[in-house]
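Participant: Compute the structure for the input listed below.
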Amino acid sequence: MRETPRAEPPQPRPHRAEAHTSGASCSGTPHRSDGRPPHTPRGARQPDPLGRPGTTPPVPGRPALFSALVALAVVTWQVLVHGPLARLDERVSRALVDTVPRRLSELASDLGNLTVALPVLAAAMAYAVWRGRGRQALFAGLAMACVPLLVVPLKEWTARPGPLEPWAHGYYPSGHTATAMVAYFGAAHLVSRRLAPAAAVLTAVTGAGLVLRGFHWPLDVLASVALCLPLLCWPVLAARYGRGRIRGGDAWRTGSGGTPSRSTDGPTS
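Facilitator: The predicted model follows:
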């Protein structure tokens, strides 16, 4: 009589189990199989603090902001006491004025006019609102509104005369450069961050036109860049403000089992 072979119990296959758990560091790790964190407030990745790797352009970092403030303080001090740096600035300016046709330098300096820069920013703000990013549009508008609040007091305090009009005062810092910088960089962030190099070129062309035409000293332009660099941090503030609203809303919209419902707020970037 032939014995009936006994059925072997199914054996585990480690390689198949590993195929389904690729990306997880260990058992019980609350990560998805593709290695990405879950879409929950606890597992969501947070943006890096201001100035550390991960901050999206054109937002400056902490080293850039500190350097800009130090440069602004030094240049302002030199202008007030008419120190060696201010005297060198005047000699360089006199050598550069009218080295290009005035028509070209005036055209470049006009990029900082309110009638040119503000419509560009307004169009970008309207586009952002249409795309559901009204919070970012609001912060961009507030950054532009802060320009005269920063520039005008410095103009009144320093009372620096102009290159071609020594009897007039209030040339330091350059309001046109500040307007161009905040408007064009703000528009670039609202529309597409790939436009940041174009915003930098427009700002540089504006400053160069002001110097070559004799409307401002070179240090006036440099001081405006340093003064308005902190205003380009508004995307970080908008993101933090939006993240706070989302967290607050999730705290109140907790369903059964302690699982928060999905937030309905728009994108923050």
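Participant: At which residues are the strands of the stretch 1-150 of the chain located?
Facilitator: Taking DSSP state E, counting those that start in this stretch to define them, one finds no strands in the stretch 1-150 of the chain.
Participant: low pLDDT regions in it?
Facilitator: When residues are selected by pLDDT under 70, those of the stretch 1-150 of the chain lie in 1-61.
Participant: and if we set it to 80?
Facilitator: For the stretch 1-150 of the chain, the stretches with pLDDT under 80 are 1-62.
Participant: And the helices in it, which stretches?
Facilitator: Assigned by DSSP state H, counting those that start in this stretch, the stretch 1-150 of the chain shows helices spanning 14-20, 62-81, 84-96, 102-109, 114-130, 134-158.
Participant: Mean neighbour count added to those helices, as CSV?
Facilitator: C-betas here are computed from N, CA, C, even on glycine. Compiled in CSV, the helices of the stretch 1-150 of the chain are given as follows (neighbours: other Cβ atoms under 10 Å):
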stretch, mean neighbour count
helix 14-20, 9
helix 62-81, 15
helix 84-96, 14
helix 102-109, 16
helix 114-130, 16
helix 134-158, 17
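Participant: Indicate which one of the ones you listed is closest to Leu219.
Facilitator: Closest of the helices of the stretch 1-150 of the chain to Leu219 is helix 84-96, at 4.5 Å (criterion: Cβ to Cβ).
Participant: Now do that closest one and helix 102-109, the angle between them.
Facilitator: If you take axes from the mean of the first three to the mean of the last three Cα atoms, to 10 degrees, helix 84-96 sits at 130 degrees to helix 102-109.
Participant: which outside residues touch helix 84-96?
Facilitator: Residues outside helix 84-96 that contact it (Cβ atoms under 8 Å, 6 or more residues apart in numbering) are 74-75, 78-79, 163, 211-212, 214, 217-219.
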